[in-house]
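K.L.:
Model the structure of this input:
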Amino acid sequence: MLAERSAQVQLLRLTDLDAEMARVKHAAQSLPQHQAIQSLMEQRQQAGDNVTALTTNADDLEVATRRAEADLVPVRARLERNQERIDGGSISDAKVLRGLIDETEHLKGRISDLEDEQLEIMGQAEEAVAAREEAANRKVSIEDDLRGVVAERDEAVAGLQEEAKSIAATRQGIATTLPANLLGLYEKLRASTGLGAARLVRGRCGGCQLELTVADRDRFRKAPDNEVLRCVECDRILLRVEESF
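P.N.:
Below you'll find the predicted structure:
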């Protein structure tokens, strides 16, 4: 294939722009914020699950606290009735009175046990509420961090998108000046190998890094300026520069 030297020089610029575009795309995919966001999203999920579990525990203990209070109500009422009968002096039978006094003492012991259980449950409930609030605050903190990192990511991506847009516009301007057959070959090679053309530097292909044989180097050196050179190994277009030979 033949192409004017000026067109090959433009193809050299196109190659550099494509390399720059690849760098920008890689930078967008490799932003440190991506991993940070993934980590924070996992932490948020774990924190949310923790809040749910702690909320369930706190709710269960709240129910247990109310149940403990409810268990005390009839026992206290029974104790109050018994005490009123004892204090009223209306019981003349000594055996009945002794039985009532014994029951009253038993009720007092039962109330003491129930109150101890109630206090223990209330303490557990307070700890559960505190743990739930701490977990909820932790989740809020993670979400704040996540929003901040997402904003950083979006800002970085926006900057890279603007850079890519500028590169694409410059590339389009150059591509329209190239002969259709030269551009078509370049795009075909770029699609299959990722790099359509490479510099020939000191007798070595800048794409596959193959060093030319003495014969190929001599042949390339003698080739006319408008001849489109191809690497004998990777088939890419070889672009001659000042330090090619």
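K.L.:
Please, where are all the helices along the protein?
P.N.:
5-29, 32-88, 94-175, 180-193, 214-222 (DSSP state H).
K.L.:
Now do the buried residues in stretch 57-75.
P.N.:
Residues 57-58, 61, 64-65, 68, 72, 75 are the ones in stretch 57-75 that count as buried (16 or more other CB atoms under 10 Å). Bear in mind the C-beta positions are built from the backbone N, C-alpha and C, glycine included.
K.L.:
Could you dump the residues you listed into CSV and include distance to residue 217 and pLDDT?
P.N.:
Listed next are the buried residues of stretch 57-75 as CSV, based on distance: CB to CB, whole Å; pLDDT from 0 to 100:
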residue, distance to residue 217, pLDDT
57, 78, 98
58, 80, 98
61, 84, 98
64, 89, 97
65, 90, 96
68, 94, 96
72, 101, 97
75, 106, 97
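K.L.:
Domain parsing of this structure, as residue ranges.
P.N.:
The chain resolves into domains spanning 5-25+179-240, 31-175 when parsed by automatic domain parsing.
K.L.:
ranking these by burial, who's on top?
P.N.:
domain 5-25+179-240 (a mean of 16; mean count of other CB atoms under 10 Å).
K.L.:
quick one: the residue lying farthest from the centre of the chain and residue 85, what's the gap?
P.N.:
Within the chain, the residue lying farthest from the chain centre (CA atoms, centre = their mean) is residue 92, at 81.0 Å. Counting by CB to CB, to the nearest Å, the separation of residue 92 from residue 85 is 12 Å.
K.L.:
just residue 19 next, same as before
P.N.:
For residue 19 relative to residue 85 (CB to CB), the value is 100 Å.
K.L.:
ok, now residue 93?
P.N.:
For residue 93 relative to residue 85 (CB to CB), the value is 12 Å.
K.L.:
What's opposite the residue nearest to residue 207 when sequence neighbours are not counted in the beta bridge?
P.N.:
Nearest non-adjacent residue to residue 207, counting by CB to CB, 6 or more residues apart in numbering: residue 198, 3.5 Å away. Note on residue 198: beta-bridge partners residue 238, judged by DSSP bridges.
K.L.:
wait, what's in contact with residue 198?
P.N.:
15, 205-208, 231, 234, 236-239 (CB atoms under 8 Å, 6 or more residues apart in numbering).
K.L.:
Could you measure from the nearest residue to residue 103 once chain neighbours are set aside over to residue 244?
P.N.:
Using CB to CB, 6+ apart and skipping residues adjacent in sequence, the residue nearest residue 103 is residue 82, 6.1 Å away. Distance of residue 82 to residue 244, given as CB to CB: 112 Å.
K.L.:
circling back: can you list the buried residues of stretch 57-75 in a markdown table and add distance to residue 222?
P.N.:
Formatted as a markdown table, these follow (distance: CB to CB, whole Å):
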| residue | distance to residue 222 |
| --- | --- |
| 57 | 85 |
| 58 | 87 |
| 61 | 91 |
| 64 | 95 |
| 65 | 97 |
| 68 | 101 |
| 72 | 108 |
| 75 | 112 |
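K.L.:
Thanks a lot, see you next time.
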